[in-house]
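Engineer: I would like the atomic coordinates for the input below:
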Amino acid sequence: MYDVNWNTLEATIAAVKRIAQSEVMPRFLNVAYSRKYDGTLFTEADLASQEGLKRELPGILNAPVLGEEMSDEEQLALWESGHDGLWCVDPIDGTTNFVHGLPYFAISVAFLQKGRPVLGVIYNPCSDETFYAMQGVGAFMNGTRLPLKNHRPAISEAVAGVELKWLPGKLPARLMTVAPFGSQRNLGASTLDWCWVAAGRFDLILHGGQRLWDYAAGALILIEAGGRLGSIHHEDFWSDNIWRRSAIAALDPALFECWQHWVHTNK
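Structural biologist: Residues are numbered from 1 along each chain as shown. Below you'll find the predicted structure:
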């Protein structure tokens, strides 16, 4: 087994920041883009960031690296062979924001063992905010333990980060007409959405279908901050589809129970 410790976490943070400064930010506001088969945007910055992480991360823990910009076949093979240890990276989450100059995007890195994250780092180079966690140790932003604020709003006053695109059934229509929360946001980078609910900036999040690299680091950060999470299809978040996993989450446990009940009742 791999020795995942505080030195591992610090080395991962340093590597992520180096890649952000050398491969990502020099291309911000100055990069062409194309579209992948699923319609999402892709730039040379995504590939350069992924290649940089593939070079650096095995020097920290000598395990394979699974990245968003790999083929489905390569991702599946890495997942199936990486039970004992696997890096999972999103080289730029929020590529559409990155292309259009919106400063809400991040590099996300997780280390997984037995299919579960034990270390997570998410870095927004525009705000210079690094969110990170290690299993059993806690979650932090730039050295400050999360959450940054700990309030307990009624669900009617809650701010929710909601991505409508992948929601099933009647949920999108119900959210547009009788949503239980006070205000809704969709900022376009799901890795940061996890961090913001862990920090207390969002009260709730809902997403109908995140990929492994979207939730691997963020779910751990929320858990270590004391938050709760589930899925639209299962009470247990980890029982949902690995490659298209829905997410219901909140920092406050009582608010989570109320939110999850509403979603399950209205799906």
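Engineer: CA only for contacts and neighbour counts going forward, please
Structural biologist: OK.
Engineer: other SSEs contacting the helix or strand containing Asn7?
Structural biologist: Using DSSP states H and E, the element containing Asn7 is helix 6-19. In this structure, helix 6-19 packs against helix 44-56, strand 116-124, strand 129-134, with contacts taken as 3 or more CA pairs under 8 Å, 6 or more residues apart in numbering; DSSP states H and E.
Engineer: The very next helix or strand once past the longest one - contacts with which helices or strands?
Structural biologist: Right, helix 44-56. Next in sequence after helix 44-56, counting helices and strands by DSSP H and E, comes strand 65-67. Counting by 3+ CA pairs under 8 Å, 6+ apart, the packing neighbours recorded for strand 65-67 are helix 72-81, strand 86-93.
Engineer: how much does the first one deviate in direction from strand 86-93?
Structural biologist: If you take axes from the mean of the first three to the mean of the last three CA atoms, to 10 degrees, helix 72-81 sits at 140 degrees to strand 86-93.
Engineer: any idea of the mean pLDDT in helix 72-81?
Structural biologist: Averaging pLDDT along helix 72-81 gives 95.
Engineer: Now that helix: buried residues?
Structural biologist: Along helix 72-81, these residues count as buried under the neighbour rule (16 or more other CA atoms under 10 Å): 75, 78-79.
Engineer: Pull it out as PDB, backbone CA atoms only.
Structural biologist: Provided in PDB are the C-alpha atoms of helix 72-81 (Å, rounded to 0.1, in the frame of the first residue of the first chain):
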ATOM      1  CA  ASP A  72     -12.700   6.000 -22.400                       C
ATOM      2  CA  GLU A  73     -10.900   2.800 -22.900                       C
ATOM      3  CA  GLU A  74      -7.700   4.100 -21.300                       C
ATOM      4  CA  GLN A  75      -9.600   5.500 -18.300                       C
ATOM      5  CA  LEU A  76     -11.400   2.200 -17.800                       C
ATOM      6  CA  ALA A  77      -8.200   0.200 -18.000                       C
ATOM      7  CA  LEU A  78      -6.500   2.500 -15.400                       C
ATOM      8  CA  TRP A  79      -9.500   2.300 -13.100                       C
ATOM      9  CA  GLU A  80      -9.600  -1.500 -13.200                       C
ATOM     10  CA  SER A  81      -5.900  -1.800 -12.600                       C
END
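Engineer: Nothing else from me, thank you.
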